[in-house]
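# would you be able to build a 3D model of this:
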Amino acid sequence: MKISLARKEDLPIINEIYNQAVRQQFCTAHLESVDMKERELWFLSHDPYHFPVFVAFDEKGVVGWVSLGPYREDRQALAHVAEVSYYVDEKVRGLGVGSSLLDHALNIAPGFGFSVLIAILLNKNPASIALLLKYGFEEWGRMPEIARIDEQLADHLYFGKKL
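Residues are numbered from 1 along each chain as shown. Alright, predicted model coming up:
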């Protein structure tokens with residue numbers, strides 16, 4: 001498996017992998033699939049020189065992605081903080097793709113000027129919580145039962161790591 005900077009041509013599979021998480025539920029707070037127009041706007045907002053998106057791929061193609069995004073970008077005192085997001089194709093979950101992507105993000109983040117990474121997720125996503133804990137993230141905040149998915153409530157968690 002290799003990891004490289006995402007290209008516009010990768011957007012359909014990036015979007016499909018994200019929408020798998022939407023359909024699975026509790027892996028994102030989206031309740032409806034994201035369309036390609038939305039994904040294209042998202043990608044344009046991820047300047048590769050400051051807020052990059054990377055894809056993991058094998059001989060069959062893209063199997064996951066990770067992005068560094070702004071965290072309260074209009075607040076200058078938080079300019080050294082990035083939100084890390086990662087998603088893995090359901091066909092290869094549990095095979096180390098998520099670990100490779102998060103490890104990559106942790107290694108490259110300082111080069112983009114970030115000294116803190118934040119991950120925002122739901123408490124009903126045990127695989128992602130385990131991955132974050134494996135890489136030394138800690139729970140820094142919890143908003144109890146504020147997400148509602150199919151009449152089930154979930155906590156919104158903030159995990160963080162100082163680099």
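# closest to the centroid, which residue in the protein?
Compute the mean C-alpha point of the chain, and by Cα atoms, centre = their mean the closest residue is residue 85, 1.2 Å away.
# just the element for that residue, please.
Under DSSP states H and E, the secondary-structure element containing residue 85 is strand 81-88.
# and for that strand, what are the contacting residues?
Taking Cβ atoms under 8 Å, 6 or more residues apart in numbering as the criterion, the residues outside strand 81-88 that touch it are 17-18, 20-21, 27, 51, 56, 63-72, 97-98, 101-102, 105, 109, 112, 114-120. Any C-beta I mention is one placed from the backbone N, CA and C, and that applies to glycine too.
# looking at the residues you listed, which are in helices?
With DSSP state H as the criterion, helices contain 17-18, 20-21, 97-98, 101-102, 105 from among the contacts of strand 81-88.
# out of those, who's the most crowded?
For these, counting by other Cβ atoms under 10 Å, the largest number of neighbours falls to residue 101: 26 neighbours.
# my guess is it contacts residue 56. True?
Yes - shown here, residue 101 and residue 56 form a contact pair, counting by Cβ atoms under 8 Å, at 5.5 Å.
# which neighbours do those two have in common?
Between them, residue 101 and residue 56 share the neighbouring residues 3, 64-66, 88, with contact defined by Cβ under 8 Å, 6+ apart.
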